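Asks: sequence first, then the predicted structure, then my questions.
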Amino acid sequence: MAARAPQHRRPSAPGLPAGVAPALLPEGTDGTRSAGGGGTTGARSAGRPSAGAAAGTGYDTVTVSVRHGLEAVDILRLRGACGAVLQSRGGAAVSFLVPAGTARGWHLPGSSCSPGAVLLPATDPRWIMAPAGPQALARPTDAWVLRSALCEAACTLTAGGLGPF
């Protein structure tokens, strides 16, 4: 007779579906975690403002290494959740546009998040996922979906012998 392995369950917060880890929920201002969204963050902008570039006050930027970022872009595209993504001037980093305010609560090793964003014209060749539509509006990536994709990308790269980074 085979012994059954113990089943470990993740703790869940009230009002959340089973299996959602409270550690991934944003913290409220009182230090509690909430399921209703909240503190999201961004990373450093991909470059200095140039002629025709506008400062995006409605965005923060999350910046990661290029290999890590491109893997995350693939994951987000498969999920249909990829917003605007820009490669740095030197090509060594990738920056994701995320909603403003994300920088206050962003804590993910291997990435940085900074308030504000540099928005280049939609025709600039540094866009990996360029703003689209008739007005070329940049769509931000949801910060918690991005966090999940970056973690998954790190695991994939590490399993393939390409990490840690």
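Replies: Thanks, I have the structure now.

Asks: from here on, contacts and neighbour counts on C-alpha atoms
Replies: OK.

Asks: for Glu152, what are phi and psi?
Replies: Per-residue torsions, Glu152: phi -60, psi -40 (degrees, to the nearest 10).

Asks: number of residues surrounding it?
Replies: 16 (other CA atoms under 10 Å).

Asks: and what about the closest residue to it other than its chain neighbours, helix, strand or coil?
Replies: Once flanking residues are discounted, Glu152 sits nearest to Ala72: 7.6 Å by CA to CA, 6 or more residues apart in numbering. At Ala72 the chain is in helix, as set by DSSP: H, G, I helix; E, B strand; the rest coil.

Asks: isn't Ala72 right up against Ala149?
Replies: Yes: judged on CA atoms under 8 Å, Ala72 makes contact with Ala149 at a distance of 5.3 Å.

Asks: hmm, back to that, for the residue nearest to Glu152, what are its contacts?
Replies: The contact partners of Ala72, by CA atoms under 8 Å, 6 or more residues apart in numbering, come to Leu146, Ala149, Leu150, Glu152, Ala153.

Asks: ok, Ala92 touching Val66?
Replies: Yes: contact criterion CA under 8 Å: Ala92 and Val66 qualify, at 5.4 Å.
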